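**Q** what follows is a predicted protein model with its sequence.
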Amino acid sequence: MVKKQLQEKTHPVRSDYLIAAAICVSTSLFACGLSIYQDGAPLVAPPWPTNAILLVLVSAWLFFIGLKGQRFAPTRLLGGLPFALCVIAHFFLWVLVAGILPASDGSQLPEIVRLLGLSHPITSIPFNAALILFLLNLGLATAGRLTKLKKARLKFYVSHGGMWLLIAAGLLSSSDLERWELIVSEGNATAQVSRGDGSETRYLPFGVLLSDFSIEFFTTQLTLVDIEEKVIIWQKGEPLIDLETGNTSSIRGWEVEVLRSFPGALPQGDGYQASDSPYAPPAVKLRATHLASGKTLEGWTTCGNDQVPTQTILAEGSDFRFAMALPRPKRFASEITILKSGDEPYSVTVEVNKPIKIDGWELNQLSYDETAGKASRWSVLEAVRDPWIPIVYTGIALLAFGAILHLLDRVIAKRGEHGGSKK
Amino acid sequence: MNLIQTFPFTAGFALAAWALGLATLPRKRLLGTALLAIGTLTLGGILATIWISLDRPPLRTLGETRLWYAFLLPIAAGVVCIRWKMTWPIYYAIPLAGLFLGINLAHPESWDRTLMPALRSILFVPHVLAYLLAYAFLSAAFAASIRGWRAPAGSDRCEQALEFADRSVQIGFAFLTLGLCIGAVWAKGAWGHYWAWDPKETWALLTWLGYLGYLHFRLQHPNQAKEAFLFLGAAWIVLLLCWFGLNLMPIAEQSVHTYTR
Ligand code: HEM
């Protein structure tokens, strides 16, 4: 028995590697050829319900092979470890390509890159061929253990099965995933959504009325710009000074004190006056003292906006100006009312990280009128529909559960024990 | 804010405690351990101070992640040492943690309070912590691979290092997987989709695939220690590229995750 195992280990393994490598290389070559023949066209998953049927058929086939096919050397090879190592390496290389090539419309890339579909690596034929090989091995490995159900193998099924489900569903569902932008201005309602690039539009089964868009900013910070006010010359590692009344801090040999700070202010005379207007940018009065020379200067600075010009303070004798960095948003949210025929209108708030769900659609807060900032009168939402989410999430949950099982197993195992390994 | 300004001193103190601890450990176990613990706890205190002063989890910038790593690596190594009764991992973990802390001392932070809305999620901390724990364990595995590589093949030392490496990778890989899963769920809420092939995500996947390869390589080749050590070195390079190198690549400009501003 041991001898037989040993023989199996040494001899056919080398040929397993050779065959596996040959399969990977020829798959890649074939996929590249196909891609060139198709003029770099992406690989698109079939739409609903074909993709679901395909998933069921493939699962059934794997199940059958798992139960009946283990006697055949090819299924053992395709579901075995040497093949796993080859497909992992093979897929790794294609992901590496995707991780190195900058995404673009392909115009600056050599023609061959475009022909291989690599201006959009993720949907390219070669990349997906590698992923499908990966899935094949993973599926066969999982299915191949079906006849040897054992409690100790739970973590094997959970991680491999979860991974398989996750990738298979993610891959097949890409054709059913819909992402649209919804732009709505305060006081108005719309059901129209469009592609990010405006190429297509459609209507949602409900309307969205924007009651209020609100945004909160962090306290603004001091920055340094060059004399011509063209570039920010503040460097990472220099202090970030919050422009809050009373704050003092030193930067580049100057001590800076914030005398007054208004979250919103409008110019008046040679100073600024606090204002509640949404068009009022923040403004602060600073006193700066040059530590070496003792020279002191005072002045106002504002980052400005469409209505109010930017103002900076020249640090006399130094080669920069004190300026106010653009305020950074802390939180932004849209208060919207959902209008659906036959239903009472109802109000909800959509915020980044807090999407809402309506009728199979998910609304995410995406953006706003960034040039207007606080005064933004419109909000950009994203409407996403992905009917496969429950399946994908099941896959993710299984994978995570498998990871936890492996973790527990590892921490509980004693020294010298090789939990799960074939040693 | 002012407490943060003491960083160079507190960090310097932690480094000194570690150095003294390492020096005393071989002769006076208890004292050495106490010094190492003091150094590590100091880092924990620094992190807490930063968290409180900035009013946000200090897990946003590259420097902040290095600080956590310097804090978690000694803990990860300590857990392994106590659990499996060894001491040598500490001699690798502490210098590596010290190196990362040293990088932070050489490149002072700007201690930015702001945290973009997408990062304001309850999944932010678990996601980044899972990754940092993974990085800590996977670095421990890397350290073991160096030790193992230098030892004669088949020696006890080599075997021990391999065993330690395997164990660390298994733990680290589990955290890597958890980080990936949490990240996917978070991305769905923040950006509308669970996987966008953003450069950072792509590199995180490459790292994951690297260690996935290692785990299966070990299953298939339980006796090829030297190759396993080489594998670990290569996988660690991918990890570092994902963590730090990405910011240097042209593709980084398209990433929403690079920790720079
Ligand atoms: C999700 C993370 C994964 C973990 C934690 C994991 C872990 C493991 C473990 C512990 C085993 C040994 C099982 C045992 O002997 O009881 C194993 C076997 C195996 N794994 Fe994975 N694996 C993962 C993903 C994958 C992937 C993505 C593939 C393929 C692309 C794969 C292919 C295989 C194969 C082919 C076997 C051997 C099955 C057999 O010999 O019957 N695994 N894996």
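**A** Happy to help now that I have it.
**Q** have a look at chain B and report the helix or strand with the lowest mean pLDDT.
**A** When each helix and strand of chain B is scored by mean pLDDT, DSSP states H and E, helix B:62-84 comes last, with a mean of 90.
**Q** tell me which element the closest residue in space to residue B:148 that isn't next to it in sequence falls in.
**A** Leaving out its chain neighbours, the residue that sits closest to residue B:148 by C-beta to C-beta, 6 or more residues apart in numbering or on different chains is residue B:161, at 3.2 Å. The way it works is simple: take the backbone N, C-alpha and C, and place the C-beta from them, glycine included. Assigned by DSSP states H and E, residue B:161 belongs to helix B:156-191.
**Q** now do the buried residues in that helix.
**A** B:158, B:160-191 (16 or more other C-beta atoms under 10 Å in any protein chain shown).
**Q** got the angle between that helix and helix B:62-84?
**A** Counting by axes from the mean of the first three to the mean of the last three C-alpha atoms, to 10 degrees, helix B:156-191 lies at 130 degrees to helix B:62-84.
**Q** mind giving me the packing neighbours of helix B:156-191?
**A** Here helix B:156-191 touches strand A:361-368, helix A:389-412, helix B:62-84, helix B:124-150, helix B:199-220, helix B:225-243, going by 3 or more C-beta pairs under 8 Å, 6 or more residues apart in numbering or on different chains; DSSP states H and E.
**Q** burial of the closest residue in space to residue A:375 that isn't next to it in sequence, as a residue count?
**A** Spatial nearest neighbour of residue A:375, excluding adjacent residues (C-beta to C-beta, 6+ apart): residue A:278 at 4.0 Å. By the criterion of other C-beta atoms under 10 Å in any protein chain shown, residue A:278 has 14 neighbours.
**Q** residues in contact with residue A:278?
**A** Applying C-beta atoms under 8 Å, 6 or more residues apart in numbering or on different chains to residue A:278 gives the contacts A:264, A:374-375.
**Q** in a strand, it, correct?
**A** No - using DSSP: H, G, I helix; E, B strand; the rest coil, the assignment for residue A:278 is coil, not a strand.
**Q** measure it to the ligand for me?
**A** 50 Å (C-beta to the nearest ligand atom, to the nearest Å).
**Q** quick check: phi and psi at that residue.
**A** phi -60, psi -10 (degrees, to the nearest 10).
**Q** tell me the pLDDT of it.
**A** Residue A:278 carries a pLDDT value of 82.
**Q** which strands or helices does the helix or strand residue A:288 falls within pack on?
**A** Taking DSSP H and E as the definition, one finds residue A:288 inside strand A:283-290. For strand A:283-290, the packing partners by 3+ C-beta pairs under 8 Å, 6+ apart come out as strand A:254-262, strand A:271-274, strand A:296-302, strand A:321-324.
**Q** just to revisit the earlier point, can I assume the residue nearest to residue B:148 is in contact with residue B:141?
**A** No - the criterion here is C-beta atoms under 8 Å, and residue B:161 misses it with residue B:141 at 9.6 Å.
**Q** picking up where we left off before, in CSV, list the helices and strands packed on helix B:156-191 along with mean neighbour count and distance to the ligand.
**A** Supplementary listing: the helices and strands packed on helix B:156-191 in CSV, determined by neighbours: other C-beta atoms under 10 Å in any protein chain shown; distance: least, C-beta to the nearest ligand atom, whole Å:
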stretch, mean neighbour count, distance to the ligand
strand A:361-368, 21, 27
helix A:389-412, 18, 5
helix B:62-84, 21, 19
helix B:124-150, 23, 13
helix B:199-220, 21, 5
helix B:225-243, 19, 14
